[in-house]
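Trainee: 3D model of this:
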Amino acid sequence: MKVTINAAMTLDGKIATASGDSTISSKQDLVRVHRLRAGSDAVVVGVATVLADDPQLTVRHVKGKSPARVIVDSRGRTPEDSRLLKTADKVRTIIAVTEQAPAGNISMIENAGAEVIVAGKEQVDLKSLFARLAKMGFQKLLVEGGGELNWSVLRLGLADELIVTVAPRIAGGRLAITLVEGDGFDTIAKGTKLKLSKVERKRAGELVLYYKIQSTF
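Mentor: Have a look, this model is predicted:
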């Protein structure tokens, strides 16, 4: 199974401002993102992204079928009135929870038409989740953040490719969300090693950087 992380960030590495604004990609870049989605079996995001953005995670800017949507949501907090659950009967939607998820939340999610996968006791076990998705026939996963999920996927060595659009903007803000959050590595030498494979320049002044992930240490 191939796992690709895709994100858009400002020049100073922010994927969202402290207030939660994540409108970074140009229209041209959104076409690229939706083409990526159309070529994927599933889009994976964390519940923080759902709560902040209420995304659809569908294919709209190009022709193609929308992939399944997988939400990493330890306690099943995805809102009943979210656009994901409102359209779960039209686009396959999977909510990955833990054993700590309240039964009421799980029932609400299932009643909305989404599937529930229990993976882990207190935090979603991503290795177990991805292995189960592979057994279910998913061959291409597209991880779209946020920063905490990006960290977990990279730390566990689950990603094969990282694609980052760098927008010609500076957001600043010590509380703004960066491309990769989490605890971070103790030293730079322990950080994830990448190999640049391609660079694209967009009309809006954006750079799209394609990296192959070599190792997590």
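
Trainee: can you count the residues close to residue 95?
Mentor: When counting by other C-beta atoms under 10 Å, one arrives at 29 neighbours for residue 95. Every C-beta, even on glycine, is put in place using the N, C-alpha and C of the backbone.

Trainee: Now the phi/psi pair for it, please.
Mentor: phi -110, psi 120 (degrees, to the nearest 10).

Trainee: and if you look at residue 104?
Mentor: Dihedral angles (degrees, to the nearest 10) for residue 104: phi -60, psi -40.

Trainee: repeat for residue 212
Mentor: Dihedral angles phi and psi of residue 212 (degrees, to the nearest 10) take the values phi -90, psi 140.

Trainee: what sits against it?
Mentor: Each residue near residue 212 by C-beta atoms under 8 Å, 6 or more residues apart in numbering is listed here: 160, 161, 194, 195, 197.

Trainee: hmm, which of these are the buried ones?
Mentor: With neighbours counted by 16 or more other C-beta atoms under 10 Å, the contacts of residue 212 contain buried members at 161, 194.

Trainee: out of the contacts of residue 212, who's nearest residue 59?
Mentor: residue 161 (19.4 Å; C-beta to C-beta).

Trainee: The closest one reaches residue 7, doesn't it?
Mentor: No - with contact defined as C-beta atoms under 8 Å, residue 161 does not count as touching residue 7 (11.9 Å).

Trainee: any idea how far the nearest residue to residue 1 once chain neighbours are set aside lies from residue 41?
Mentor: Of all residues not flanking residue 1 in the chain, residue 134 sits nearest, at 4.5 Å (C-beta to C-beta, 6 or more residues apart in numbering). Between residue 134 and residue 41 the distance is 10 Å, computed by C-beta to C-beta, to the nearest Å.

Trainee: okay, the two: which has more neighbours?
Mentor: residue 41 (19 against 14).

Trainee: quick one: contacts for that one?
Mentor: 67, 68, 137, 138, 139, 140, 141.

Trainee: so residue 109, which of the three states?
Mentor: Three-state call for residue 109 (DSSP: H, G, I helix; E, B strand; the rest coil): helix.

Trainee: tally of neighbours for it?
Mentor: By other C-beta under 10 Å, 26 other residues sit near residue 109.
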